[in-house]
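Trainee: could you look at this predicted model? Sequence included:
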Amino acid sequence: MAFGGVFDVAIIALVSKLLGVGGHINHGPFGAFGLPFFPPFAWTIWFLMFFYFMPEKLVQIVFFVLTAAAASVMFSNVLVNLGIFTLNYGKVIVPFIIYGVWFSLSASGYKRLKWD
């Protein structure tokens, strides 16, 4: 849960509030202090599946992280087109960097916790 929900709240606060890169809009009564309630739960479920299916070899993990980041960029663009999410600095490169760093740090942390 720490890699998904907790990091999601931190990333929302850092990326959307401090850096102004993008963020959730139109969450209405399902949020507090400008932060939505449901995305942390969704990211927690995402990371449960992410860690469950994560391979053990380093080359496969790199490919897995890049593929997961690309899938997240595609899904965030769906949310942008639905008017639920906004991206202020491009729709591909900046989100891919954010998701890539997030997933890389999570995979690295999980690998260290699991295999050391």
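Mentor: The structure has been received and is ready for your questions.
Trainee: OK, contacts around the residue nearest to residue 66 when sequence neighbours are not counted?
Mentor: Spatial nearest neighbour of residue 66, excluding adjacent residues (Cβ to Cβ, 6 or more residues apart in numbering): residue 100 at 6.9 Å. C-beta here means a position set from N, CA and C on the backbone, and glycine is covered the same way. Contact analysis of residue 100 by Cβ atoms under 8 Å, 6 or more residues apart in numbering lists 65-66, 69.
Trainee: what does the pLDDT read for residue 67?
Mentor: With respect to pLDDT, residue 67 has a value of 98.
Trainee: now residue 71
Mentor: 96.
Trainee: can you tell me the helix or strand for it?
Mentor: Here residue 71, judged by DSSP states H and E, is contained in helix 58-82.
Trainee: with residue 90 instead?
Mentor: Using DSSP H and E, no helix or strand contains residue 90.
Trainee: for the protein, which segments are assigned as helices?
Mentor: With DSSP state H as the criterion, the chain has helices at 7-11, 38-53, 58-82, 93-115.
Trainee: name the residues that touch the longest one?
Mentor: Helix 58-82 is touched from outside by 50, 53-55, 85-87, 91-92, 95-96, 99-100, 103-104, 107, 111, with contacts defined as Cβ under 8 Å, 6+ apart.
Trainee: what's the burial count for residue 113?
Mentor: If you count neighbours by other Cβ atoms under 10 Å, residue 113 ends up with 10.
Trainee: out of the contacts of residue 100, who has the most neighbours?
Mentor: residue 65 (22 neighbours).
Trainee: roughly how far does that one sit from residue 92?
Mentor: As for residue 65, its distance to residue 92 is 17 Å (criterion: Cβ to Cβ, to the nearest Å).
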